[in-house]
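[1] Okay, sequence plus prediction incoming.
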Amino acid sequence: MKLAEKILNLRKLQGMSQDDLAEKLNVSRQAVSRWELQTAQPETSNVLQLSKLFGVTTDYLLNDDYESDYDVPVVKETENSTKYEVNRQLSFIILTGLNVMILIHQLIVCFIFQNPIFSLSGTIVSIVVVVSFELGYRKIAIKSENSKLYYHKFHIVAFWLAAYFPIRVLANMAMMLYPHSYSGLVFEIIVVLVYLLTSIIATHLIMKKTK
């Protein structure tokens, strides 16, 4: 599509007459008429004004091969980036929410039903969620800095939500080998401290990969 056709179509889409367009661009009606009849070309300053007035890129106006503004590579890339950004946010929210639900399930099973071993089933589900996220990330064509930030942020949050109960089970197994009696409160404090230390170290290691 030629520049003349684009000006004509965009003008009509905006419901403008040649006089209206000429007034907005501070040119004569005859100048607009010549542009649309291809007997003259608008100057660079006029092309810029047309671009701003009609909300299109100058690349679209000047390139005959572009049938719409979405054919411009920069616009396509921006559109794809926006779509991936929305998908990243949605995936992060859904999968993090799922991990929170898994954690609540583990807390109920462990402290209300007194079955810490069974609570590990939630850990298995958490691992499945992380693996699913990893596979989805690897399929994404565009790997921007923003996508990498979401990637590392998700793994940090997932670790903090999933690490407590595996550590608790391992601590239980370790305390079985301890020959002396011990306070349940002391045990809980040790588990929490080990959990916090492990999570902080894991966060530090993951954050190092973002630099």
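    Done, it's in.
[2] lowest average confidence, helix or strand, in this protein?
    Using mean pLDDT, DSSP states H and E, helix 73-107 stands out as the lowest-scoring helix or strand of the chain, at a mean of 72.
[3] Pull the residues that contact the next helix or strand after that helix.
    Using DSSP states H and E, the helix or strand that follows helix 73-107 in sequence is helix 120-139. With contacts defined as C-beta atoms under 8 Å, 6 or more residues apart in numbering, helix 120-139 is touched by 91, 95, 98-99, 102-103, 105-106, 109, 147, 151, 154-155, 158, 161-162, 165-166, 169. C-betas here are computed from N, CA, C, even on glycine.
[4] Could you tell me how far helix 120-139 lies from the centre of the chain?
    Relative to the mean C-alpha coordinate of its chain, helix 120-139 is positioned 18 Å out (C-alpha atoms, centre = their mean, to the nearest Å).
[5] Next: stretch 112-128.
    Relative to its parent chain, stretch 112-128 has a centroid offset of 30 Å by C-alpha atoms, centre = their mean.
[6] Give me the distance between the two termini of it.
    Across its full length, stretch 112-128 reaches 25 Å between end residues, using C-alpha to C-alpha, to the nearest Å.
[7] Could I get the buried residue list for that stretch?
    Judged by neighbour count (16 or more other C-beta atoms under 10 Å), stretch 112-128 contains these buried residues: 116, 119, 120, 122, 123, 125, 126.
[8] Show me what the mean pLDDT comes to for that stretch.
    Stretch 112-128 shows an average pLDDT of 79 in the prediction.
[9] May I ask which helix or strand encompasses residue 197?
    Secondary structure from DSSP H and E places residue 197 in helix 184-210.
[10] any idea how the protein splits into domains?
    Domain assignment for the chain, taken from automatic domain parsing, gives 3-71, 78-210.
[11] out of the buried residues of stretch 112-128, who's nearest residue 188?
    Here the nearest of those to residue 188, counting by C-beta to C-beta, is residue 116; it sits at 11.8 Å.
[12] which residues does residue 196 contact?
    Contacts for residue 196 (C-beta under 8 Å, 6+ apart) come out as none.
[13] same check, this time on residue 207
    By C-beta under 8 Å, 6+ apart, the contact set of residue 207 is 152, 156.
[14] hang on, the earlier thing: just send the buried residues of stretch 112-128 back as TSV, with distance to residue 61 too.
    Shown next, in TSV, are the buried residues of stretch 112-128 (distance: C-beta to C-beta, whole Å):
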residue	distance to residue 61
116	67
119	63
120	62
122	57
123	58
125	54
126	52
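[15] Just name the closest of those residues to residue 7, please.
    residue 126 (57.8 Å).
[16] Contacts only, for the residue nearest to the closest one when sequence neighbours are not counted.
    Among residues not flanking residue 126 along the chain, residue 162 sits closest, at 3.9 Å (C-beta to C-beta, 6 or more residues apart in numbering). Neighbouring residues of residue 162 by C-beta under 8 Å, 6+ apart: 99, 102, 103, 123, 126, 127, 130.
[17] Report the secondary structure state of residue 27.
    Assigned state for residue 27: coil (three-state reduction, DSSP: H, G, I helix; E, B strand; the rest coil).
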